[in-house]
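**Student:** build me a model:
(one chain, ligands or ions: 1)
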Amino acid sequence: MAECATYGTVAVLQINNPPLNVLGHDVRSQLMSGLQQALQDKAVCSIVIMGKGQTFTAGADVKEFGTEKVFWEPTLHSLVEAVSASTKPVVTAIHGTTLGGGVALALASHYRLADSSAKMGLPEVQLGILPTCGVTQRLPRLVGLQTAVRMVTSGQTQSAQQALTAGLLDKVVTDDLLKKAVGFARSVDVRGLEARRVSSWTVPGADRAEDVLDAARKTLVRRSRGAIAPLTALQAIQASLLPFETGMKREAELGRYLWTSWQAAALRYAFFAERTVKRWHIPRNKNVNYRTAEPMDIKSVGVLGAGTMGVGITISLLQAGLKVVLTEVNKAQLDKAVSLIQRSLEGKSGGKPQPMQLRATTDYSQLREVDLVIEAVFEDLALKKKVFQQLDAVTNPRTILATNTSGLDIDQIAAATQRPDKVIGTHFFSPAHVMRLLENIYGRHTSVETIATAMQLGATIGKVGVLVGNCPGFVGNRMKGLNFTEAMFLLEEGAEPQDVDKALEEFGFAMGPFRVSDLAGGDVHWRRRIQAGLTTEHGPPPYTPVLYRQGNRYSPLADMLCMQGRFGQKTGAGWYRYKSGSRTALPDAEVHRLIHKHRQDHGFQRRNISSQEIVERCLFPLINEGFRILEEGLATGPQDIDVIFLLGFGWPRHTGGPMYYADKVVGLGNLLQSLEKYRAYHPRSAHWVPSSLLRKMAAQGTSLSIWAAGSRL
Ligand SMILES: CC/C=C/CC(=O)SCCNC(=O)CCNC(=O)[C@H](O)C(C)(C)COP(=O)(O)OP(=O)(O)OC[C@H]1O[C@@H](n2cnc3c(N)ncnc32)[C@H](O)[C@@H]1OP(=O)(O)O
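**Tutor:** As a prediction, this is how the structure comes out:
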């Protein structure tokens, strides 16, 4: 856990708690007793604290949060204060990714050394808590307000070089950190100790504090979108302008406020959910799971289709060091793609991809020897089936064939091949080299090896893979579609696009549904609705009521815009208008007139709609659908749905995701009541019918987390 050794006059305390040296109770206890021993040992003049293995420490043990253990003495706070009060110089020697409590220990030490490859960060706000243990008081004294605000409120890591420049480190070394730290510790003088205590310093540049804090506040109000931790952290940093002890009291108060907030619990849940989804199983056959599966070794991947998605996927694969054969029938498109890929990789790594790593070709037969192919052609079932038939003919029979589709039937695509067991859906989100989510979809015949391979590939390329079953739209788009449907009904009843967007942006989404639609292009979904027989290019299908399609209430507003060529940003007009070259959504009187006329034509009485109703009507049907998905066994558990929404659809992280939000914030009983209420008003929308799983849970007074804990392996 923590080992103590002496090197002449230097005592070295080394954390040894693999894999990440987190500061659980045992580690804290052993560090504390090591420190006390070193202080009592007359032969010891100085002390080094460092870590063994891949990192100094990833900080506090998050698994202890929400349990009593986190308060057991020595707490992290006591340990940090003991280091700060040490009567012998303490040198912290940092390597790897050092986070949270690790940085707190370093700040309380008298000297800070780091390996040149080290990184340091304060991810606490991402867990909804405050970097306490004096971090918000010592850090500004050391690096100034501006850097402290940036580090604490963003949670981003700093490289060793950046930390040195900022004044956070005293020295950066290369090779043999232990030897260099011991050498350094030997050279420091106990007589200078008082002056080395950061708590006795004042914040540099305090005369400009008001400007810095005001500017930061404005940015954070805009960026945090309802998350309380970043702005609370700013208040704590502001307190560093007060005497140290007063600031520490303020830090403790603010720390308690965040520690007990529902957002901290939600963010902690999100942290573990992202890691839980890799432990997948198939709900209808639990024997098929991550433990029983053996992935194929993937060294080379073919990407078919060099459009936006194909380019993003190729970049992700190359960045992970895989060999890629990029295939595209259109030579001009292929050349354009290669140049985009090269530019993107040059920007990141400072070098072009090795020629042997990327082979670009118009010849399908070049895919013969790859281990796996990801098809990324246009979203059209007939086209994909044709492509899969060809792929089946040209590739090695052991090659896995993956389709990048956002909702088409995997079984139909697999049926075009002689190897349905080797066919799987890999739904990347755009831009594919940036978005961390990979929704993997198994079909009726997909083998366990194929599933394990797709999940493994996701991890290899730095994505969070979530396994789901096959249904129209899979999990993400099946649920998300309802949000847009209801948003349009709200327009019919009296809201304007900007009202709906504002309410959902205030809830925490980066963009409301109409701004998202304009960004993505309204024509994409219009084509899908045409394919599904819901509409035609010229209006409703013959003999079809305008407001009722396929057994449900229907709003034709989006179709009406598309019929006018208003596809969103790319055409300069959609739900909003856009000045040439600008992405700023401007309310458009023409759209308002169109909506107004539609209301008049169909007898809608315009009424004022509250933000609360907008949020509930856009989100509750989506959540209800999540319960249906769980009931149908299409997701391993609620965490899987939440991760899809957090990473793929910009769901505000501080609410934990749709299922967590329903369970812990809204409450299942309240959700059920609201669904019943809206159902009474809107009987022609099937999405208001509560799922039987939700009904059952609400009746039993149980929670989704208890249900999930019982179902997960
Ligand atoms: C008392 C109040 C004071 C609080 C101060 C703090 O220190 S708060 C905690 C600050 N630290 C963090 O938030 C660290 C979060 N961890 C990470 O960002 C990443 O894990 C990493 C350190 C960048 C490493 O990433 P990598 O991809 O290499 O590994 P994983 O994320 O998959 O993690 C491996 C397993 O370790 C578990 N884990 C990671 N960090 C912690 C932690 N701080 N406490 C407890 N457990 C942690 C993670 O859950 C993985 O576990 P599995 O069981 O394998 O899923």
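**Student:** list the residues that contact the residue in the stretch 301-450 of the chain that the ligand sits nearest to.
**Tutor:** Relative to the ligand, the nearest point of the stretch 301-450 of the chain is residue 436 (11.5 Å; C-beta to the nearest ligand atom). All C-beta atoms are positioned from the backbone trio N, CA, C, and that covers glycine. Contacts of residue 436 were listed using C-beta atoms under 8 Å, 6 or more residues apart in numbering, and they are 462, 463, 464, 647.
**Student:** next one: phi and psi at it?
**Tutor:** Phi and psi for residue 436, reported as degrees, to the nearest 10, are phi -90, psi -10.
**Student:** residues from the stretch 101-250 of the chain in reach of the ligand?
**Tutor:** 101, 123, 124, 127, 132 (C-beta under 6 Å from any ligand atom).
**Student:** I'd say residue 16 and residue 5 touch.
**Tutor:** No. Between residue 16 and residue 5 there is no contact under C-beta atoms under 8 Å: 11.4 Å.
**Student:** and the residue in the stretch 251-400 of the chain positioned nearest to the ligand, what element?
**Tutor:** Closest contact between the stretch 251-400 of the chain and the ligand, by C-beta to the nearest ligand atom, is at residue 275 (3.7 Å). Element membership for residue 275 (DSSP states H and E) is helix 262-276.
**Student:** which residues touch that helix?
**Tutor:** Residues from elsewhere that reach helix 262-276, judged by C-beta under 8 Å, 6+ apart: 62, 65-66, 126-129, 227-229, 258, 464, 637, 639, 642-643, 646-647, 653-657, 660-661, 664-665, 712.
**Student:** list the buried residues in it.
**Tutor:** Using 16 or more other C-beta atoms under 10 Å as the test for burial, helix 262-276 gives 263, 264, 265, 266, 267, 268, 269, 270, 271, 273, 274, 276.
**Student:** where are the low-confidence patches of this protein?
**Tutor:** Within the chain, the ranges that satisfy pLDDT under 70 run 347-356.
**Student:** what's the domain layout of it?
**Tutor:** The record assigns the chain these domain ranges, following automatic domain parsing: 2-259, 282-473, 477-497+510-601, 611-709.
**Student:** can you get me the start-to-end distance on the shortest one?
**Tutor:** Looking back up the chat, that one is domain 611-709. Terminal residues of domain 611-709 lie 34 Å apart, using C-alpha to C-alpha, to the nearest Å.
**Student:** ok, it near the ligand or not?
**Tutor:** No. Domain 611-709 lies apart from the ligand when judged by C-beta under 6 Å from any ligand atom; the minimum separation is 11.8 Å.
**Student:** now which of the contacts of helix 262-276 would you call buried?
**Tutor:** 62, 65, 126-129, 227-229, 258, 464, 637, 639, 642-643, 646-647, 653-657, 660-661, 664, 712.
**Student:** among those residues, which are located in helices?
**Tutor:** 229, 258, 639, 642, 643, 646, 647, 660 (DSSP state H).
**Student:** pick out the residue of the stretch 601-713 of the chain closest to the ligand.
**Tutor:** Counting by C-beta to the nearest ligand atom, the stretch 601-713 of the chain gets nearest to the ligand through residue 639 (11.8 Å).
**Student:** and the gap between that residue and residue 284?
**Tutor:** 18 Å (C-beta to C-beta, to the nearest Å).
**Student:** over to residue 170?
**Tutor:** The spacing between residue 170 and residue 284, counted by C-beta to C-beta, is 58 Å.
**Student:** neighbour-wise, which of the two wins?
**Tutor:** Neighbours per residue, other C-beta atoms under 10 Å: of residue 170 and residue 284, the larger number sits with residue 170, 17 against 10.
**Student:** who's in contact with the more buried one?
**Tutor:** Per C-beta under 8 Å, 6+ apart, neighbours of residue 170: 111, 112, 113.
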